[in-house]
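Visitor: With the sequence up front, the predicted model follows.
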Amino acid sequence: MATRAYDNRLTWPIEPDADPHSHGAKAPFVDNGCGPLSPDRYFSTEWMEAERKLLWPKVWNWAARAEDMPDPGDFVLFEIGRESFVVVRGEDMRLRAFFNICPHRGNRLVSTETGSLVNGFTCPFHSWKFGLDGGNTHVTDRETFRPEALCRDLNLQEVRCETWEGFVFINMDANARPLLEHVGVLAEHAVPYRLADMRIMRRMQAVWESNWKVGLDGFNEAYHVHAIHPQILGIFNDYHAQIDCYPNGMTRMTTKFAHESPRIGSGGLNADLRWAMQDVGLDPDSFAGRMEDVRPAVQKAKRARAEALGLDWSGFTDNQLTDDWNYCLFPNMHMGLHPEGVSLLYFRPHAHDPRKFILDVIVMMHPQKDSAIKPPAYMGLPDGWDISGNERAETIVVDWREGGLGQLFDQDSSLFREVQLGVESAGFAGAILSEQEQRIGHFHAELERYLGLRA
Ligand code: FES
Ligand SMILES: [Fe+2]
């Protein structure tokens, strides 16, 4: 199946001759070992609590999109584990984030996903009031408090809030590195996609029955695709992937679409490749090339179509037009970047149960009047979906057992439940990692550093 001896330091570069400073360059190999990963991280309450104390309060957590808060007083609620935050735009147009907690007796201040607080915050319990900058503006029946009770901090507790490409992140750690530093090379790699101008077109959410890291690990490799998602092998080269490990726990995997898997190895124009050609206006019947020629032909056709539509795709290499450039921003944000749109997966721990997590399956696109440009089919956006970007896409909550996230996700959700059951067995000694699973090793090494388990 391989076309040369496998080299784990190289994996399978998509652009072997890429300029070392360009987005396509293979990052230097990082040796994180090959396991075993201790099984308890996937189910024990101790691990969940360690993450609650040492991970989530220290990392940049994606909380909102800036476009959802255009005016002063507009807010978005964000929850992670047992914590709740409100991100709000101030009179000065600055975005600030606060614990969603009233300093009086701890009531939650807001309870809706979004809203507008034209007059600032009023606590629903005893009506204390706070400005959009978090400052206390009113204590009900102030004369009934002793002075020493009110000399404590009566303001909302602010946390750090920084924005990258329209993604608003919060961080509970005052000493954390700046967000942009955390985003690292992705900040530069993402420039041609103009993520700040994209909009969330669909946001689906489900509670899956596994630890959040079982879910994340599953999406950090394509090794399982042949077994669980064989329906895409005709159009997806699951094997020859470029894998990159970056500082601060970030990883990337680049996989080729419009190229069949070597596991099939037919070498001809299978039905899915024919569909991919027709999708960009190519006629498979008159195509003289071989299977390997389909991807370049599709790239060329896509570029021509974009030019005809007046889209500026000059910043993209040909490979970015067909392939999945998939980044995992540590710890839990997955982004499959395509010129047409982004598949964003967000893995959040369950508040109390280490055997469950909350998955958001998000499709982002540039707003369009018609559907001339479609996101890649694997994202599962139904035909005719509103991609005007005029309305905020409300979160659609689904039950994983009933499906609804799209075929690929539905296949994963049932599988991950079985993995969750298996990793708890006394007969399981810990995950053994192949070099196709380097991203998993890199993620867990960074996680272990946060938890003080690794230097
Ligand atoms: S808890 Fe908020 S005013 Fe009392
Ligand atoms: Fe999968």
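Guide: Perfect, I can see it now. Ligands and ions are numbered 1, 2, ... in the order given.
Visitor: Would stretch 135-146 count as contacting ligand 1?
Guide: No: Stretch 135-146 does not reach ligand 1 (Cβ under 6 Å from any ligand atom); its nearest approach is 6.9 Å. All C-beta spots, glycine's among them, are computed from the backbone N, C-alpha and C.
Visitor: State the mean pLDDT of that stretch.
Guide: For stretch 135-146, mean pLDDT is 98.
Visitor: And for the closest residue to Gln299 other than its chain neighbours, the neighbour number?
Guide: Nearest non-adjacent residue to Gln299, counting by Cβ to Cβ, 6 or more residues apart in numbering: Asp318, 4.1 Å away. Per other Cβ atoms under 10 Å, the neighbour tally for Asp318 reads 16.
Visitor: In the stretch 251-400 of the chain, what residue comes closest to ligand 1?
Guide: Residue nearest to ligand 1 within the stretch 251-400 of the chain: Ala351 (20.7 Å; Cβ to the nearest ligand atom).
Visitor: Phi, psi for that residue please.
Guide: Note on Ala351: its backbone torsions stand at phi -60, psi -40 [degrees, to the nearest 10].
Visitor: same check, this time on Trp400
Guide: The phi/psi pair for Trp400 (degrees, to the nearest 10) is phi -60, psi -30.
Visitor: and stretch 107-127, how far apart are its ends?
Guide: Start to finish, the residues bounding stretch 107-127 are 11 Å apart (Cα to Cα, to the nearest Å).
Visitor: what's the neighbour count on Ile200?
Guide: That count, for Ile200 with other Cβ under 10 Å as the rule, works out to 21.
Visitor: where do the helices sit along this structure?
Guide: According to DSSP state H, the chain carries its helices in the segments 45-54, 147-150, 179-183, 186-189, 212-219, 225-228, 271-279, 291-308, 318-322, 407-423, 438-450.
Visitor: most packed of these?
Guide: Among these, helix 212-219 has the highest mean neighbour count (mean count of other Cβ atoms under 10 Å), at a mean of 24.
Visitor: Contact partners for Gly249?
Guide: Phe330, Pro331, His442, Phe443, Ala445, Glu446, Leu447 (Cβ atoms under 8 Å, 6 or more residues apart in numbering).
Visitor: Please report the distance of it from Arg439.
Guide: Distance, Gly249 to Arg439, using Cβ to Cβ, to the nearest Å: 10 Å.
Visitor: And Arg392, by the same measure?
Guide: 32 Å.
Visitor: now do Ile80
Guide: 22 Å.
Visitor: what's the answer for Pro296, then?
Guide: 27 Å.
Visitor: Would you tell me which residues of the protein are close to ligand 1?
Guide: Taking Cβ under 6 Å from any ligand atom as the contact definition, the chain meets ligand 1 at Cys102, His104, Arg105, Asn107, Cys123, Phe125, His126, Trp128.
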